[in-house]
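Student: Dropping a prediction and its sequence here:
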Amino acid sequence: MSPQHNRRTFFITGVSSGLGRAFAQAALDDGHSVVGTVRKSADADAFSATAPGRAIARELDVTDDDAVFAVVDDVESTVGPIDVAIANAGYGHEGVFEESSMAELRAQFDANVFGAVATIKAVLPHMRRRRSGHIFGVTSMGGLMTVPGLAYYHGSKYALEGILETVGKEVKALGIHVTAIEPGSFRTDWAGRSMVRTQRSISDYDALMDPVRANRIAASGNQLGDPVKAGRALLTVIDSPNPPAHLILGSDALRLVTNGRAAVDKEIAAWADLSRSTDFPDGAQIAN
């Protein structure tokens, strides 16, 4: 750990693999303590062994609201004040919108939105009382742009983006930072065992979706992003006196988000006159 760094306690959901594990390992390597949540006891034992005494595992299903609050309160009382909370647990859902069930949508939001929100709600009162802390929510480049076949996933990440940005504005004056992390394609299991895929059933979508699904499966394990470097980037943000509200990770994410937002900006400009035409001439403008 660098001498100028303060020793911190991290709370990270979903540390058994992927970016959650990478973020936890970066913090441990830098001398911090990490309380990481996992779903299975075997994963808890494996995580605790990575840094005995500083890697502390808790079994947790983030879709159980009461359990999330209980675990966070227990950590605060037995381990110590949580300085950095990372709502990372979640999964990907791939499926054509028309083919995907309502049950799959609810499950996607349960994990990616409600689980993250419960985590943030659980840590926030403690941080507010201390007037310090940094909350991260792991969304995706898919929270700022879209591609066919990920409607439910995009919906969950767009929802989380809006919540995180709003919370950041609400707690800024209370000494608490909020950052949404938007990773691109990283060399994790996201496109493999961590993704739920809806069975194809409507042939009208074959020409669009068959290549998309094949390319995503083929790219799994060969993604551009390095999880170790993502962990280091996280530590850089935590040490910043003015951390960002949005942190894009990966040059692919930077390109795709920039292009996607540019397309939206272009369309807004093209229809601006019609947008203005619906005003009352003496109406009140909303303050920014």
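Tutor: Arrived safely.
Student: Report the separation between the two terminal residues of stretch 212-231.
Tutor: One end of stretch 212-231 sits 29 Å from the other (Cα to Cα, to the nearest Å).
Student: least trustworthy helix or strand in this protein by mean pLDDT?
Tutor: Within the chain, no helix or strand scores below helix 206-219, which has a mean of 83 by mean pLDDT, DSSP states H and E.
Student: List the buried residues for that helix?
Tutor: Neighbour-count burial for helix 206-219, counted by 16 or more other Cβ atoms under 10 Å, picks out 209, 212-213, 216. Glycine gets a C-beta too; all of them are placed from N, C-alpha and C.
Student: Show me the contact partners of it.
Tutor: 94, 96, 147-149, 185, 191, 197, 200 (Cβ atoms under 8 Å, 6 or more residues apart in numbering).
Student: All the strands of the stretch 101-250 of the chain, residue numbers only.
Tutor: 133-138, 176-183, 195-197, 246-249 (DSSP state E, counting those that start in this stretch).
Student: weakest of those in terms of mean pLDDT?
Tutor: Looking at the strands of the stretch 101-250 of the chain, the lowest mean pLDDT belongs to strand 195-197 (a mean of 86).
Student: Just give the strands next to that one in its sheet, each with its orientation.
Tutor: strand 92-94 (parallel) (DSSP bridges).
Student: how far is the strand it pairs with from where the chain is centred?
Tutor: 14 Å (Cα atoms, centre = their mean, to the nearest Å).
Student: same thing with stretch 209-223?
Tutor: Relative to its chain's centre, stretch 209-223 lies at 22 Å (Cα atoms, centre = their mean).
Student: Ok, stretch 55-72 next?
Tutor: 17 Å.
Student: Put the alpha carbons of it into CSV.
Tutor: Provided in CSV are the C-alpha atoms of stretch 55-72 (Å, rounded to 0.1, in the frame of the first residue of the first chain):
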residue,chain,number,x,y,z
ALA,A,55,-10.5,-10.7,3.0
ILE,A,56,-13.7,-11.2,4.8
ALA,A,57,-16.5,-13.2,3.1
ARG,A,58,-20.2,-12.9,3.7
GLU,A,59,-22.8,-15.2,2.1
LEU,A,60,-25.6,-13.0,0.6
ASP,A,61,-28.3,-13.0,-2.0
VAL,A,62,-28.6,-9.4,-3.0
THR,A,63,-32.2,-9.9,-4.0
ASP,A,64,-33.1,-10.5,-0.3
ASP,A,65,-33.5,-6.9,0.9
ASP,A,66,-33.6,-7.7,4.6
ALA,A,67,-30.5,-9.8,4.3
VAL,A,68,-28.6,-7.0,2.6
PHE,A,69,-29.4,-4.6,5.4
ALA,A,70,-28.6,-7.1,8.0
VAL,A,71,-25.2,-8.0,6.5
VAL,A,72,-24.2,-4.3,6.1
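Student: Let me see the contact set for the closest residue in space to Val15 that isn't next to it in sequence.
Tutor: Counting by Cβ to Cβ, 6 or more residues apart in numbering, the nearest residue to Val15 once its immediate chain neighbours are dropped is Gly36, at 3.2 Å. Applying Cβ under 8 Å, 6+ apart, we find Gly36 in contact with 12-15, 20, 24, 47, 55-58.
Student: again, only this time at 10 Å
Tutor: With contact taken as Cβ atoms under 10 Å, 6 or more residues apart in numbering, Gly36 is in contact with 10-16, 20-21, 23-25, 27-28, 43-44, 47-48, 50, 55-58, 60, 86, 88.
Student: same thing with Gln223?
Tutor: By Cβ under 10 Å, 6+ apart, the contact list for Gln223 reads 183-188, 190-191, 250, 252.
Student: and if you look at Ala70?
Tutor: Residues near Ala70 by Cβ under 10 Å, 6+ apart: 58, 60, 64, 122.
Student: which SS state does it fall under?
Tutor: At Ala70 the chain is in helix, as set by DSSP: H, G, I helix; E, B strand; the rest coil.
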